[in-house]
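S.K.: give me coordinates for this.
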Amino acid sequence: MAVILRSDPLSRIHPEPQTLEIDHFDYLPDSILLLVFNKIGDVKALGRCCVVSKRFHSLVPQVENVVVRVDCVISDDESSSLSSDKPRSVAAGPFSAIFRLVFGGIFKPLQALGQFLGTKRSSPSSGSSSSSLSISGGGDDGEIEQGGVTHHSPTQVLKNFDEIRFLRIELPSGELGIDDGVLLKWRAEFGSTLENCVILGASSVIQANPTKDPNPNPQSPDTSVDLSLSSNNTVVEDNGSIPESFYTNGGLKLRVVWTISSLIAASARHYLLQPIIAEHKTLDSLVLTDTDGQGVLFMNRDQLEELRVKPLSASSASKRTLVPALNMRLWYAPTLELPDGTVLKGATLVAIRPSESKKEVCDVSWVSSAFDEPYGIAAKMLVKRRTYCLEMNSF
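M.R.: Residues are numbered from 1 along each chain as shown. Okay, the predicted model is just below:
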């Protein structure tokens with residue numbers, strides 16, 4: 001006779017309690033969790049961590065290492081978006097036209113940067129065009145709706161953090177539009193005003209060819225380019241001096257444009273960081289850079305504190321820090337071949353310090369270490385060449 005087993009109806013109505021899963025995070029001390037959060041750094045990822053639990057929500061504001069990656073520029077006029085603007089050349093046209101083009105290309109993104117660091121965006125109903133650099137994510141203040149995605153300014157997001165020591169803000173692109181193949185990089189340090197700036201530029205960059213045959217067929221025609229020869233096969237003398245053609249073909253004027261443009265971009269970034277610096281007094285270092293690697297503004301703890309206690313001098317022409325009178329040192333090489341095979345044409349290095357700086361003029365160690373490789377070695381090679389001194393008035 002078959003036996004039919006039936007479950008107890010009571011067991012279905014009142015099931016036996018199951019053993020709860022162990023949450024291993026409960027066994028980790030707060031100090032370990034903060035180490036993890038500091039390794040994460042990214043402000044959007046930390047925002048997601050906040051909604052995991054009450055404990056995470058209470059710990060995230062104590063994070064010391066924060067990275068803010070700006071996603072985009074939101075504007076009432078879509079043509080002012082950094083992501084959609086076509087890069088503008090700083091190398092074409094007469095000298096007067098170059099300045100109009102450069103400054104026109106700089107100030108539109110920098111006006112957007114000013115909106116991004118402000119607490120509120122202008123209302124579209126006010127009739128004025130407004131722009132904002134923003135990140136997408138959580139938060140309640142300073143919200144901007146665009147295409148169904150809520151965006152927030154970093155100033156608002158950072159208000160949720162109480163103990164930031166190391167802050168890095170990354171813009172979606174550099175302010176200076178340049179032609180493809182042109183190299184332009186700058187690094188600047190500020191206190192209440194500019195302390196130093198290094199600019200590295202080249203009219204063209206020829207990348208190394210890793211697939212080049214190290215043992216070419218001696219019977220095949222030589223298709224390599226002799227970098228010591230000009231187009232008419234005459235030898236270009238390079239004794240470390242700047243050739244006369246540098247002054248007559250617009251080379252010097254172009255370098256002046258690069259220098260002024262970089263200083264304007266750096267001083268505008270510095271001016272617009274004031275609200276963040278004033279609010280976060282625990283900061284040890286602040287870096288404002290861009291994903292293109294074009295420009296880096298750096299401030300250490302002493303420089304940050306100097307800005308808090310000593311008001312900066314603002315330019316009357318625009319929202320940027322006034323650039324003081326400057327002493328500049330310039331190094332130039334018509335052709336500079338780096339150890340990895342990369343070739344810089346018209347390589348130029350400019351080291352800038354205020355005229356009133358008490359730092360030793362002959363010290364160039366800070367210049368050589370301003371850039372990451374392979375451009376760090378380029379700077380070290382250029383400072384060994386003949387030095388040219390220039391001066392610039394405050395602007």
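S.K.: sec struct for Asp292, please.
M.R.: The three-state assignment at Asp292 reads coil, by DSSP: H, G, I helix; E, B strand; the rest coil.
S.K.: burial measure for it, as a count.
M.R.: 17 (other CB atoms under 10 Å). Heads up, the C-betas are built off the backbone N, CA and C, glycines and all.
S.K.: tell me who's in contact with the residue lying closest to Leu390 once chain neighbours are set aside.
M.R.: Spatial nearest neighbour of Leu390, chain neighbours left out: Met328 (4.4 Å); criterion: CB to CB, 6 or more residues apart in numbering. The contact partners of Met328, by CB atoms under 8 Å, 6 or more residues apart in numbering, come to Thr259, Val350, Ala351, Ile352, Cys389, Leu390, Glu391, Met392.
S.K.: so which strand or helix has Met328?
M.R.: Secondary-structure element containing Met328, defined by DSSP states H and E: strand 326-337.
S.K.: okay, the residue nearest to Leu390 and Val43: tell me how far apart.
M.R.: Plainly put, Met328 is 37 Å away from Val43 if you go by CB to CB, to the nearest Å.
S.K.: what do you get for Asp180?
M.R.: Applying CB to CB, one obtains 32 Å for the distance of Asp180 from Val43.
S.K.: these two: which has the busier surroundings?
M.R.: Val43 (25 against 8).
S.K.: out of everything not next to it in sequence, what's closest to the more buried one?
M.R.: Beyond its immediate neighbours in the sequence, the residue positioned closest to Val43 (CB to CB, 6+ apart) is Val68, lying 5.0 Å away.
S.K.: quick check, that neighbour in contact with Arg168.
M.R.: Yes - judged on CB atoms under 8 Å, Val68 makes contact with Arg168 at a distance of 7.2 Å.
S.K.: so for the two, which sits in the more crowded spot?
M.R.: Neighbours were tallied for Val68 and for Arg168 using other CB under 10 Å; the higher tally belongs to Val68 (21 against 16).
S.K.: just to revisit the earlier point, doesn't the residue nearest to Val43 belong to a helix?
M.R.: No - the assignment for Val68, made by three-state DSSP, is strand rather than a helix.
S.K.: tell me where the protein has strands.
M.R.: If you assign secondary structure with DSSP state E, the strands in the chain sit at 65-69, 72-75, 131-136, 143-146, 149-152, 166-171, 183-190, 194-202, 204-206, 285-290, 295-300, 326-337, 343-354, 388-392.
S.K.: format these as a markdown table; extra columns: mean pLDDT and distance to Val52.
M.R.: A markdown table is the format used below for those (pLDDT from 0 to 100; distance: least, CB to CB, whole Å):
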| stretch | mean pLDDT | distance to Val52 |
| --- | --- | --- |
| strand 65-69 | 93 | 18 |
| strand 72-75 | 51 | 27 |
| strand 131-136 | 46 | 19 |
| strand 143-146 | 48 | 22 |
| strand 149-152 | 58 | 20 |
| strand 166-171 | 94 | 23 |
| strand 183-190 | 95 | 38 |
| strand 194-202 | 95 | 42 |
| strand 204-206 | 90 | 46 |
| strand 285-290 | 95 | 28 |
| strand 295-300 | 96 | 33 |
| strand 326-337 | 93 | 50 |
| strand 343-354 | 94 | 47 |
| strand 388-392 | 91 | 53 |
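S.K.: for the ones you listed, which one sits closest to Tyr271?
M.R.: Each of those was checked against Tyr271 via CB to CB, and the shortest separation belongs to strand 183-190, namely 9.5 Å.
S.K.: what helices and strands are in contact with that closest one?
M.R.: Other elements packing on strand 183-190 under the criterion 3 or more CB pairs under 8 Å, 6 or more residues apart in numbering; DSSP states H and E are strand 194-202, helix 251-272, strand 295-300, helix 301-309.
S.K.: quick one, domains of this structure?
M.R.: Following automatic domain parsing, the chain resolves into domains at 27-63, 64-119+132-207+234-392.
S.K.: ok, and which of the ones you listed has the densest surroundings?
M.R.: Greatest average neighbour count among the domains of the chain goes to domain 64-119+132-207+234-392 (a mean of 17), per mean count of other CB atoms under 10 Å.
S.K.: okay, and the beta partners of Ile199?
M.R.: Judged by DSSP bridges, the bridge partners of Ile199 are Trp186, Val350.
S.K.: wait, it sits on Ile352?
M.R.: Yes - with contacts defined as CB under 8 Å, Ile199 counts as touching Ile352 at a distance of 7.3 Å.
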